[in-house]
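1. Predicted model follows, preceded by the sequence.
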Amino acid sequence: MPIETEAQLRAIYGEPSERAVKKQLDHLDRHCRRFIALSPFLLVATSDGADLDVSPKGDRPGFVQVESDAALLIPDWPGNSRIDGLRNILKHGQVGLIFLIPNVRETLRVNGPATIHDDADLLARFKTDKGRLPLTVLRVEAREVFLHCAKAFLRSGLWDKSTWPEREALPSMGEMIRDHTKTDGVGETDEVMIERYRNVLY
C-alpha cells in the first residue's frame with residue numbers, strides 16, 4: 001500500500017535535525033551570492049498547478065545575477081521554443097532552483113515566486129560581447145534558500161571521473177531523437193548537432 005500521510009513518513013524518517021531546519025534562509029547572504037557567482041549550471045523546476053517540469057540552464061559562471069538579497073535574475077536565450085517552464089510560470093508562478101558547481105559536492109536550493117520580463121533595462125544587463133540579448137529574463141524571489149549536503153554526490157560519485165561511463169554506452173542524441181520522432185535516416189551525429197547548437201547559443 002502506498003504511504004498517504006505525513007505521519008506515516010515521520011514514522012520512517014523521524015523529525016529533521018535542528019540544524020537542518022535552521023539552515024533555511026529567506027534571503028541570499030554572502031555565501032549564497034558566492035555560490036551563485038561560481039555556478040555555471042542550474043535546474044529550474046516549475047508547475048502549472050498540476051503537471052511539473054524541470055529545465056536545465058547553463059552558461060559561464062556568474063550568468064545568473066543576484067539583483068538583491070531578495071531576488072535573482074536568470075536570462076533565457078533561444079532554445080527549442082517549447083517554453084514549457086515559462087508557460088507554467090504564467091499559470092503558477094512558483095519555481096524551485098538547484099545550483100551546481102563542478103567538483104563541489106554541495107548544491108544550493110532557492111525557492112520562491114517568479115515573474116517573466118522583457119524590459120529593455122533588464123535584457124541589457126545580459127548583453128553579450130556580440131551585442132546579443134536574451135529573449136526574456138526570469139526574476140525569482142528568494143523566499144526559501146538553503147544548502148544541500150554532499151550525500152547525493154558521495155553516493156553517486158558524480159564528479160569522480162573513474163565512475164563515468166564511456167559516451168559510447170549511450171546512442172548518439174541524433175539516433176535517439178530520430179527514434180523518438182520516428183523519422184527516417186541515420187540521424188545527426190553528435191558533432192553535427194553540437195556545431196548546429198553553437199550557431200544558435202545566443
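-> Good, I have the coordinates.
2. which parts of the helix or strand containing Asn88 are buried?
-> For Asn88, the element it lies in under DSSP states H and E is helix 84-91. Neighbour counts using 16 or more other Cβ atoms under 10 Å place 85-86, 88-89 of helix 84-91 among the buried residues. Quick note: C-beta positions are derived from backbone N, CA and C, even for glycine.
3. which strands and helices sit next to that helix?
-> Under the contact criterion of 3 or more Cβ pairs under 8 Å, 6 or more residues apart in numbering; DSSP states H and E, helix 84-91 touches strand 41-47, strand 52-58, strand 107-117, strand 136-141.
4. Please tabulate these in a markdown table, including the columns mean neighbour count and mean pLDDT.
-> Putting the helices and strands packed on helix 84-91 into a markdown table (neighbours: other Cβ atoms under 10 Å; pLDDT from 0 to 100) gives the following:
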| stretch | mean neighbour count | mean pLDDT |
| --- | --- | --- |
| strand 41-47 | 19 | 98 |
| strand 52-58 | 14 | 97 |
| strand 107-117 | 19 | 98 |
| strand 136-141 | 22 | 98 |
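5. mind putting the ones you listed in CSV, distance to Pro171 included?
-> As requested, the helices and strands packed on helix 84-91 are arranged in CSV below (distance: least, Cβ to Cβ, whole Å):
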stretch, distance to Pro171
strand 41-47, 24
strand 52-58, 20
strand 107-117, 29
strand 136-141, 33
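6. for these, which one sits closest to Asp179?
-> Between Asp179 and the helices and strands packed on helix 84-91, the tightest spacing by Cβ to Cβ is seen for strand 52-58, at 21.8 Å.
7. helix or strand right after that closest one?
-> Beyond strand 52-58 in the direction of the C-terminus, DSSP H and E gives the next helix or strand as strand 65-68.
8. so how far is Arg34 from His148?
-> 16 Å (Cβ to Cβ, to the nearest Å).
9. same thing with Ile98?
-> When Cβ to Cβ is applied, the distance between Ile98 and Arg34 equals 17 Å.
10. what's around Asp29, how many residues?
-> 12 (other Cβ atoms under 10 Å).
11. now do Thr183
-> Other residues within reach of Thr183 by the criterion other Cβ under 10 Å amount to 9.
12. Look up the pLDDT of it for me, please.
-> Thr183 carries a pLDDT score of 87 in this model.
13. In a strand, it, correct?
-> No - with DSSP: H, G, I helix; E, B strand; the rest coil as the criterion, Thr183 is assigned coil and is not in a strand.
14. Run through who's touching whichever helix or strand comes after the helix holding Asn88.
-> From helix 84-91 onward toward the C-terminus, using DSSP H and E, the following helix or strand is strand 94-100. Contacts of strand 94-100 with the rest of the structure, by Cβ atoms under 8 Å, 6 or more residues apart in numbering, involve 35-36, 39, 41-47, 64, 85, 89, 107-114, 138, 140, 148.
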